[in-house]
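[1] prediction below, plus the sequence it came from.
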Amino acid sequence: MSSTPRSRLPRSRRRALDIGLLGLVDRAALRLLYRAMIAIPDQLSTLVYSSRRTAYRHLARLASLDLVETVPLQARRGGVPVAYRLTRKAMRRLGYDDERIGGFAHIRHALDCVEAVCALVRAARTEQVPTSIELWLPESTAGDAGLLPARPDGVIVLQRDDRSAVVCLEIDESTEHGPQIRSKLDDWATVMAVRPELVLLFVVPTEGRLAWLRRNAGPGRRPVLEGRAFAVVAGDLDSAGFEAPVAPVGWRGKRAP
């Protein structure tokens, strides 16, 4: 049984339907898919819809309107998972620039960026201490934060009880080499020297990559990063939320939640 929704409306009727008649939640999903580029149903159920079942139902309707299309992902046991992105027709009808991504590496990176935010959102909902994500700028709009020469994969404003932080995300896919990482850290040191509110968080795929990242960062080379630059394994972030152990990057210290 395919997970790809099938169109149930005649083509002439699909053309006649007005996007303005969509509900607020569906319009929010379309905006998110434009800014994040791509997402899977579980992510959309965390960020937009009330449940996974509701997400699938609404996505099937949006697909029948030719507003979203499926993108097959790497095959897993039990079927081929899919992600969703806007169609070119949707881009035109909504007045967006056509900036869709292609290629497995770009798709995987975009999905991992969204997944890191979803992990924090899920954690915030279950925290006993009042916690919320006040703002999220995905990679496509992170430039609005004015952080050049650094180019984050996302910016999150986190409010936790009476404290807040601006968390800049770097989603690591184990594809960058040592010189690239060191250059990236130099850029962040330049930015953080004049932006004291920023916290830098690398999300890495494995413990091995975490150790490699810390070795290449080198302790003490960029004093401004002390107490402000960290790394966490993606699986720990997903399972433990704010209790996930983070390790210092570019300074000496112990792992802590």
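    Noted; the coordinates are in hand.
[2] return the set of buried residues in stretch 183-202.
    Neighbour-count burial for stretch 183-202, counted by 16 or more other CB atoms under 10 Å, picks out 184-185, 188-192, 195, 198-202. Every C-beta, even on glycine, is put in place using the N, C-alpha and C of the backbone.
[3] okay, now the residue nearest to residue 230 when sequence neighbours are not counted: neighbour count?
    Closest residue to residue 230 apart from its sequence neighbours, by CB to CB, 6 or more residues apart in numbering: residue 246 at 4.1 Å. Using other CB atoms under 10 Å, residue 246 is surrounded by 21 other residues.
[4] please apply the same query to the one 3 residues further on.
    When neighbours are counted by other CB under 10 Å, residue 249 registers 27.
[5] okay, and the beta partners of the nearest residue to it once chain neighbours are set aside?
    Leaving aside its sequence neighbours, residue 249 sits nearest to residue 229 (CB to CB, 6+ apart; 4.4 Å). Residue 229 forms beta bridges with residue 200, as assigned by DSSP bridges.
[6] mind listing what residue 229 touches?
    Shown in contact with residue 229 (CB atoms under 8 Å, 6 or more residues apart in numbering): 185, 188, 192, 199-200, 202, 217, 248-251.
[7] what about the strands in the stretch 1-150 of the chain?
    Assigned by DSSP state E, counting those that start in this stretch, the strands in the stretch 1-150 of the chain fall at 68-72, 82-86, 131-138.
[8] for the ones you listed, could you give me CSV that also reports distance to residue 121 and mean neighbour count?
    Below are the strands of the stretch 1-150 of the chain laid out as CSV (distance: least, CB to CB, whole Å; neighbours: other CB atoms under 10 Å):
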stretch, distance to residue 121, mean neighbour count
strand 68-72, 21, 18
strand 82-86, 18, 22
strand 131-138, 6, 17
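[9] would TSV of the ones you listed with distance to residue 172 and mean pLDDT be doable?
    Formatted as TSV, the strands of the stretch 1-150 of the chain follow (distance: least, CB to CB, whole Å; pLDDT from 0 to 100):
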stretch	distance to residue 172	mean pLDDT
strand 68-72	22	92
strand 82-86	20	93
strand 131-138	17	93
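[10] ok, now how distant is residue 33 from residue 49?
    The gap separating residue 33 from residue 49 is 12 Å, by CB to CB, to the nearest Å.
[11] those two - which one has more neighbours?
    For residue 33 versus residue 49, neighbours defined as other CB under 10 Å are more numerous around residue 33 (25 against 20).
[12] my guess is that one contacts residue 68, does it?
    Yes. With contact defined as CB atoms under 8 Å, residue 33 counts as touching residue 68 (6.6 Å).
[13] now do the shared contacts for those two.
    Both residue 33 and residue 68 are contacted by 84-86, under the criterion CB under 8 Å, 6+ apart.
[14] so where's this structure uncertain?
    By pLDDT under 70, the low-scoring segments of the chain are 1-20, 75-80, 100-101.
[15] and if we set it to 80?
    Applying pLDDT under 80 to the chain flags the ranges 1-21, 74-80, 97-102.
[16] could I get the buried residue list for the longest helix that it contains?
    Looking across the chain with DSSP state H, the single longest helix is helix 104-126. Buried residues in helix 104-126, counted by 16+ other CB under 10 Å: 107-121, 123-124.
[17] which other residues reach whatever helix or strand residue 187 lives in?
    Residue 187 is part of helix 178-192, with elements assigned from DSSP states H and E. Here helix 178-192 makes contact (CB under 8 Å, 6+ apart) with 147-151, 168, 170, 176, 198, 200, 213, 216-218, 222, 224-225, 228-229, 249-250.
[18] restricted to helices, list these.
    If you go by DSSP H, the contacts of helix 178-192 have 213, 216-217 in helices.
[19] closest one of those residues to residue 41?
    Checking those against residue 41 by CB to CB gives residue 213 as the nearest, at 31.1 Å.
[20] sorry, back to before: reformat the ones in helices among the contacts of helix 178-192 as TSV; add distance to residue 63 and neighbour count.
    TSV is the format used below for these (distance: CB to CB, whole Å; neighbours: other CB atoms under 10 Å):
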residue	distance to residue 63	neighbour count
213	39	22
216	43	17
217	44	23
